[in-house]
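>>> got a predicted model here, sequence first, then my questions.
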Amino acid sequence: MFAIFKRRLLKNWLMILGWGIGLGVLGYYLFNIYNTFFQRDVNLMELFNAFPEEVLAFFGGNVDLFTPSGFLQLEFFSYMPIVLGIMVITAAANLISKDEEEGSLELIVAQPISRAKVFTGRLLALILSVVLILAIAWSGFVLGANQNEFDLSPVELAQPFISLFAILMVFLSLAFLLSMILSSSNSASMISGFLLIASYFISSLVNLDEKLEGINRFSPLKYYQGGTAVESLDIQKLVLLLGFSLAFILLGMFIFEKRDLRFGGSGGFRLVFPKRAGLEK
Amino acid sequence: MSDIAIKIENVHKFYGKVHALRGLNLEVKQGEIFGFLGPNGAGKTTTIRCMLDLLRPSSGEIRVFDIDPQRSPQAVKDKVGYLPGDLKLEGDFTARDFFKHIRKLRASKRAWKDILKLAERLDLDLDRKIKTLSQGNKQKVGLIQCFLSDVHLILLDEPTLGLDPLMKQEILNIIREQKEEGKTVFFSSHILSEVQKVADRVGIIRKGRLVEIANTADLIGRSLTRATVQFDEAVSPAAFEGVSNVDILRVNDNNHAYTLQIRGEMNGLIKALAEYPVLDLEITKPSLEEVFLNYYEDNGSEA
């Protein structure tokens, strides 16, 4: 399994560095921008209040821009689930299905290694890649906070990243599960992406219309804390998101274990559900 | 442990409504080279994939060295080297890195110098990225990876696909050497002359059913014989009507030349020919290709 894990991680190194450094640099400069905001707070407050409620709803709703947590939510964590979400959805939908579609998985699964190990090795590499991206981004934030003499500890800054990690895991595991059920990795990406955007809209619009609260309960982003996690991390929400992620992963793995491997061109690409284990006589 | 390497009993496989294998029965002995023949879509690849638990039979039983691939897939795969028919490799590996990667996934490992020797023999550049290799060279990579560990059974799905004639010959030599080392080789092909050269036994699959299984030599030997006769004068086709075991395939040259097909003993034909002035007589045994085509021509237009 380690060989599969290592191979996959090495394949992801460019993605890790690209995303991690990019977000880290963005985080570093956000603290400089925040200081500038403070110096011009009166004018900005007027400007901020002039924004329509509908626009603010999509940037975290009723957040106080002039607190570090509100600023981080507005400028970074409110839209990161969408930006990084698309990336993890694509990677997770391709985790197994892409190689199945292309045919290169056949030779790997034909080796004396279980499907569970192939899957676990690849999944762990992807999860570690996400963790590394977030860790590099977090280090940019820590550096920025220190340089600008913010009263935020590295642990406090890590908390919104933990919340971000949890919501990313939900969409990662959902995309993987769908890629095991649907006919192609593209359709799994598309549907997962649609659910991500829908969840973002619902959890944003609920700030304007309380009637949406009923449906918002089923929206994963309701349980995402974002920048507000700087103040305190809600463990219950975290456990809920990670619990769903684990359930989706286990279900996806079960389907992968039980079903036929799919082969492009051999009539194998249809909706797939596991068949009864064992040979029927 | 029995001397049977592969045992397939009444295996059915459905792809949705498509019935790909229809009660397939097959036994392959240890240490033999078994040629598995059939046109595209006959079920050759599905059979091989079922042996490796890549596909699960809808019903029936498969045993590879007495092991059920569904219950103990790793134990089966540990004994098997496999070359897929539609070989796809991760392109950003070099061949050398790819072999190292696959070796890590296998418990028993063949000496690295043996791998290098085989690569040299097949004239494969190990340090080029796989995506830059020609189809023939990719096929060589696929073939060499079958021998990265000490396996007992080698499953080759169309092993000579995309190779030039010299390299095809080399592959057939390697297959023969595997048999000499006591390994079992099961290979599917639709290039019948190759199967005829190396296979001890041949199975012919048609629409998911095994329609024939026999020693290669026996299969050719007991099949139809063909005779081409040139007469000095025109001979009426009626001369061969009623002659036992003889059918007329073609009449040429205004009834001066006949191509005849003989089933079994030729006594009746010899007696019939003795009545006419024969200029030339040529008797040929069919190639495996003709035997194979017979199975398909007799049963519709599949061939």
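Thanks, I have the structure now.

>>> residues of the stretch 101-250 of chain A that sit close to chain B?
Residues of the stretch 101-250 of chain A lying close to chain B (CB under 8 Å from any CB of the partner chain) are A:102-104, A:106-114. (C-beta placed from N, C-alpha, C; glycine too.)

>>> same thing but at 6 Å, please
A:102-104, A:106, A:110-113 (CB under 6 Å from any CB of the partner chain).

>>> show the buried residues in the residues you listed.
Buried subset of those (neighbour count, 16 or more other CB atoms under 10 Å in any protein chain shown): A:102-104, A:106, A:110-113.

>>> who are the contact partners of residue 77?
No chain in the question, so chain A it is. Neighbouring residues of residue A:77 by CB atoms under 6 Å, 6 or more residues apart in numbering or on different chains: A:160, A:226-227.

>>> could you do chain B instead?
residue A:112.

>>> if we go to 7 Å?
A:110-112, B:52 (CB atoms under 7 Å, 6 or more residues apart in numbering or on different chains).

>>> how close does it sit to residue A:166?
From residue B:77 across to residue A:166, the span is 37 Å (CB to CB, to the nearest Å).

>>> next one: residue A:94
The spacing between residue A:94 and residue A:166, counted by CB to CB, is 22 Å.

>>> what's the answer for residue B:92, then?
Look at residue B:92 and residue A:166: by CB to CB, they are 32 Å apart.

>>> ok, now residue A:159?
11 Å.

>>> more neighbours: those two, which one.
residue A:166 (24 against 21; other CB atoms under 10 Å in any protein chain shown).

>>> pLDDT (mean, whole number) over the helix or strand where the more buried one lies?
Assessed by DSSP states H and E, residue A:166 sits inside helix A:154-181. For helix A:154-181, mean pLDDT is 95.

>>> which residue lies nearest the spatial centre of chain A?
Centroid-nearest residue in chain A: residue A:168, 1.8 Å away (criterion: CA atoms, centre = their mean).

>>> which residue, other than its chain neighbours, is closest to it?
The shortest distance from residue A:168 to any non-neighbouring residue, by CB to CB, 6 or more residues apart in numbering or on different chains, is to residue A:88 (5.0 Å).

>>> who's in contact with the one you found?
By CB under 7 Å, 6+ apart, the contact list for residue A:88 reads A:130, A:168, A:171-172.

>>> sec struct for it, please.
At residue A:88 the chain is in helix, as set by DSSP: H, G, I helix; E, B strand; the rest coil.

>>> from residue A:80, how far off is it?
Residue A:88 is 11 Å from residue A:80, where distance means CB to CB.

>>> and if you look at residue B:46?
46 Å.

>>> torsion angles phi and psi at the closest residue to chain B within chain A?
Distances between chain A and chain B by CB to the nearest CB are smallest at residue A:103, namely 3.3 Å. With angles defined as degrees, to the nearest 10, residue A:103 sits at phi 100, psi -10.

>>> now it. Nearest residue, chain neighbours left out?
residue B:88 (3.3 Å).

>>> returning to that earlier point: check which element follows the helix holding residue A:166 along the chain.
helix A:185-205.

>>> and the helices in the chain?
All of this refers to chain A. Assigned by DSSP state H, chain A shows helices spanning A:2-11, A:13-39, A:41-50, A:53-57, A:68-72, A:80-94, A:97-102, A:105-109, A:115-147, A:154-181, A:185-205, A:213-216, A:235-258.

>>> that was the other one, I meant chain B.
Secondary structure of chain B by DSSP H: the helices cover B:44-51, B:73-78, B:95-104, B:112-121, B:135-145, B:165-180, B:192-198, B:216-221, B:267-273, B:288-297.

>>> great, nothing more from me.
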